[in-house]
Each structure stands twice: as structure tokens, then as C-alpha cells.
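K.L.:
Quick one, what's the 3D model for this:
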Amino acid sequence: MNQITDYPDLWAAALWGTLVLFFGGAAIAIVLGLIVGAMRVSPIPVARAVGAVYVNWIRNTPLTLVMFFFAFCMPLLLPGRANFLVLAVWALGIYTATYVAETIRSGVNTVPVGQAEAARALGLTFGQVMSLIVLPQATRSVIPPMMSVFIALLKNTTVAAGFSVVNLGTVRSNLSERGENQLVVLLWVMVIFVVLVLLLAWLQRILERKWRIAR
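P.N.:
The predicted structure is shown next:
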């Protein structure tokens, strides 16, 4: 336990950085993913094309390259003092949004087409059909895959460690410089990630139970 008790400030800063990356990236991914997911199922060909290009372009690019672009290219495009934590949050959010969008699209496809057609026949707009008819039903089927996306996002936060962003991925190198056993440190990092993932799994069960009762 001395690897933790002797350096509480270091572990607290690392955990805080991971949580900021996770929640910030998740917020961006949900908002952007909803927009792109709606574009992917939109009746407008241009919207579908733009959504498809975004998903296929970003999703097929390694996260490290996306992070590299935000860390080294964005400061050139937006002159000023760069905040690498904020840039890393945006990189994670934009990257994860592609998986959120595809998860939402798969959930929308589980809703019978006839329900959307009936809603349109009643005069509802595309936005009303999505928000009132399709998405509430699709949500039930996307909870498990969506949680898998957010678990992947949580683990992807360690990629930011390579770009001078303090998080759990930087603990090993910091404690290694102080003479601590790297293997033990990595085991503690693994334990923390397991606990965080278990919390997400617990949240998933709560949401699934809630929606199951709603049925």
C-alpha cells in the first residue's frame, strides 16, 4: 500500500485527470453522437452522406493520431496558450462520438419502420418522430452496447498520458522516477480501472432494470 499512501497527491491528481477526461469526453460524445446518429438515419441524402463520411473517417483513424492532431496541430490553428487537458477531452469526445452514433443507429434500426411512417402520416416532423417515437424505444436496446462504448472510452483516457496529460496512465512513469516498483504500481492502476468499470456495469444494470419496468 505504500505506493499509494506515500503519494496521495499524485494519485488524486491522476484519478481526477482520468475522471475529467472520461466525463468531458462522454458529454461531447453523447451530444455529437446523437447529432451524427440522427444524420445517419435522416431522410436527407446529404445529411446521411456527411454522417457517413464523419463516422468512417474518424472511426478508422487510430485514436493516437486523433490525439496527436489535437495536441500539435490545433495549437497552430488556434494560436494562444494550449490547454492539453481540454484538447485531450475534445479528441476523446470526437473520436468516441463515432461509436455512439453507430450504436444509436443500430438501436434506431430495431424500431419497426411502420411506427415512424405512421408518425409522419400524422404530420410529425423528422425531429418529432425521432425524439417522441423512435429514440425512446431505441434507448432500451442500446444501453448494453452504449455502456461498452463508455467502458472503452474510460480505458482510452490512458492514451492522453503520451501527450503530457496527467491521468492514471502517467502514474507508472512518475513513480518509476522515484524508485517505486513499476509492476506493483501497474497492478494498483489496474485495480482502480476495474473498480471504475464495475461502477459502470452497476449503472448499466440500473438503467436496464428501469427500462425493463417501463415496458
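K.L.:
switch to C-alpha atoms for all contacts and neighbour counts from now on
P.N.:
Noted.
K.L.:
On the three-state scheme, V166 is what?
P.N.:
Secondary structure, DSSP: H, G, I helix; E, B strand; the rest coil: V166 is coil.
K.L.:
which residues touch it?
P.N.:
13-14, 17-18, 160 (C-alpha atoms under 8 Å, 6 or more residues apart in numbering).
K.L.:
which of those residues are buried?
P.N.:
Among the contacts of V166, the ones that count as buried by 16 or more other C-alpha atoms under 10 Å are 14, 17-18, 160.
K.L.:
Return the member of those residues nearest to R48.
P.N.:
Distance to R48, by C-alpha to C-alpha, is smallest for A160 among the buried ones among the contacts of V166, at 31.3 Å.
K.L.:
Looks like the closest one contacts L65 (just checking).
P.N.:
No: the criterion here is C-alpha atoms under 8 Å, and A160 misses it with L65 at 11.2 Å.
K.L.:
Look at N56 and give its secondary structure.
P.N.:
Under three-state DSSP, N56 comes out as helix.
K.L.:
Mind checking which of the contacts of V166 are in helices?
P.N.:
Taking DSSP state H as the definition of helices, the contacts of V166 contribute 13-14, 17-18.
K.L.:
Closest to A201 out of the residues you listed?
P.N.:
The closest of the ones in helices among the contacts of V166, once distances to A201 are taken by C-alpha to C-alpha, is T18, at 17.8 Å.
K.L.:
Now flag whichever of the contacts of V166 is closest to V113.
P.N.:
Set against V113, the nearest of the contacts of V166 by C-alpha to C-alpha is T18 (40.6 Å).
K.L.:
so what's the closest one scoring on pLDDT?
P.N.:
pLDDT, the model's per-residue confidence, is 93 for T18.
K.L.:
And for T96?
P.N.:
95.
K.L.:
Contacts only, for it.
P.N.:
25-26, 29, 149, 153.
K.L.:
just to revisit the earlier point, of all the contacts of V166, which two lie farthest apart?
P.N.:
A13 and A160 (14.2 Å).
K.L.:
which residue ranges form the helices in this protein?
P.N.:
Going by DSSP H, the chain shows helices at 2-5, 8-40, 45-59, 63-68, 74-77, 84-108, 113-121, 126-128, 135-156, 171-176, 182-214.
K.L.:
and the fifth one, what's its mean pLDDT?
P.N.:
Think helix 74-77. 76.
K.L.:
So which bits of it are buried?
P.N.:
For helix 74-77, by 16+ other C-alpha under 10 Å, it's P75.
K.L.:
and if you look at stretch 189-203?
P.N.:
189, 193, 196-197, 200-201.
K.L.:
Same check on stretch 43-56?
P.N.:
47-48, 51-52, 54-55.
K.L.:
And for stretch 75-89?
P.N.:
75, 84-89.
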